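[1] Need coordinates for the below:
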Amino acid sequence: MVDIAQTAPAAYCEENIIHHEQVQAARADLIDSPAAGDLAHTFQALADPTRVRLISALSNTELCVCDLAAVLGMTQSAVSHQLRTLRDLRLVKSRRTGREIFYTLDDDHIRQLFRLGLNHIQHR
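    Residues are numbered from 1 along each chain as shown. As a prediction, the model looks like this:
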């Protein structure tokens, strides 16, 4: 049996020393609460495998709901439900052409976020 205390670093300080310069530097760069909440919502959206797959499908091309349903093997209703969440969080945007609605990633930041996350998990 492995003793966890010997293999993992402690999650607390054994010495109660505050490193004031580092604390001040960290505070200077600290994200404010509203921005942290917005970013957390973005990551929450990415916490769902279906939404991640939708972002993957849209990372290089524009697709309509019918196309996305075919790509993911889902119903149009289920795809539309997930797209609504992504659209509300400004991760995807849509445009109408006649009776069809086409979706694409909102901007290149979303594409980069997806690719960075994918690179991170493939780096293991």
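[2] Would you mind measuring from H20 to E62?
    51 Å (Cβ to Cβ, to the nearest Å). Every residue, glycine included, has its C-beta placed from N, CA and C.
[3] more crowded one of these two?
    E62 (13 against 8; other Cβ atoms under 10 Å).
[4] which stretch of helix or strand covers S94?
    strand 92-97 (DSSP states H and E).
[5] Could you pull out the buried residues of that strand?
    Residues of strand 92-97 classed as buried by neighbour count (16 or more other Cβ atoms under 10 Å): 92-93.
[6] counting contacts, what elements does it pack onto?
    When contacts are defined as 3 or more Cβ pairs under 8 Å, 6 or more residues apart in numbering; DSSP states H and E, strand 92-97 sits against helix 49-58, helix 76-88, strand 100-105.
[7] looking at those, which is closest to R27?
    helix 76-88 (32.0 Å; Cβ to Cβ).
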